[in-house]
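Asks: attaching a predicted model along with its sequence, questions to come.
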Amino acid sequence: MTQPSNSIGRPRMPAPGTVAPELRIARLRSHARRLFWSALVLIGVAGATAFFYDNLPAPYENWMLLTAAGVLVLLLVVIPYLVWLSHTWTITTRRVIERSGPFGANRREVSHVRGYAIEMRRGILQRMWGAGTLSLSNGVEPPLRLKNIPHAVLVHETLIDQVEVNQILAHRDAQTFGSGAVGGL
């Protein structure tokens, strides 16, 4: 017997006792507006370098200008971009995974089955951009904060659905294969 196909809404539930595959729902980074100042610095450095190239006063040379421009771009554009790029949150059908640092050196996980409280905070600018900060707290470990993520309301609803689905599956499997009283004689 198969379950009815449904084009929207929740995915199909696996049969009792079967292991449901872990699927990636979303991979998120903080909102890219964090890189606004880096983009302005890049534009300003490019414009200033183009303007002053071959127009420098006598004691200065073009290589000094290019070196200063390169250092500014490295410190104020490339490094902030790499920091932004190296911090991700992955939402799967079983857990939320936070990876940060170069090559994912730091990693934290929160399981949907254990359940957690979700708190959403949105400032004025975050509301304008559709972003927000979500805190996932299971009461045992320090809360996992998804800072300044885009589409915060949609991510919040998705996390609530995943916790509910995982707890339903865990309860169903515990009833089916638990003490043996439910399965009959």
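Replies: On my side now, so go ahead.
Asks: would you map the strands across this protein?
Replies: Under the criterion DSSP state E, strands of the chain are mapped to 24-28, 88-92, 95-100, 106-111, 117-121, 131-137, 144-150.
Asks: can you tell me how far the closest residue to residue 115 other than its chain neighbours is from residue 110?
Replies: Using C-beta to C-beta, 6 or more residues apart in numbering and skipping residues adjacent in sequence, the residue nearest residue 115 is residue 163, 5.7 Å away. C-beta coordinates here come from the backbone N, C-alpha and C atoms, glycine included. From residue 163 over to residue 110 the distance is 10 Å, taken as C-beta to C-beta, to the nearest Å.
Asks: so what sits against both of the two?
Replies: residue 116 (C-beta atoms under 8 Å, 6 or more residues apart in numbering).
Asks: count of residues packed around the residue nearest to residue 115?
Replies: A count of neighbours around residue 163, defined by other C-beta atoms under 10 Å, yields 20.
Asks: which ones are touching it?
Replies: Neighbour list for residue 163: 112, 115, 116 [criterion: C-beta under 8 Å, 6+ apart].
Asks: for the nearest residue to residue 32 once chain neighbours are set aside, give its distance to residue 108.
Replies: Closest residue to residue 32 apart from its sequence neighbours, by C-beta to C-beta, 6+ apart: residue 84 at 7.5 Å. Noted for residue 84: a distance of 18 Å to residue 108, by C-beta to C-beta.
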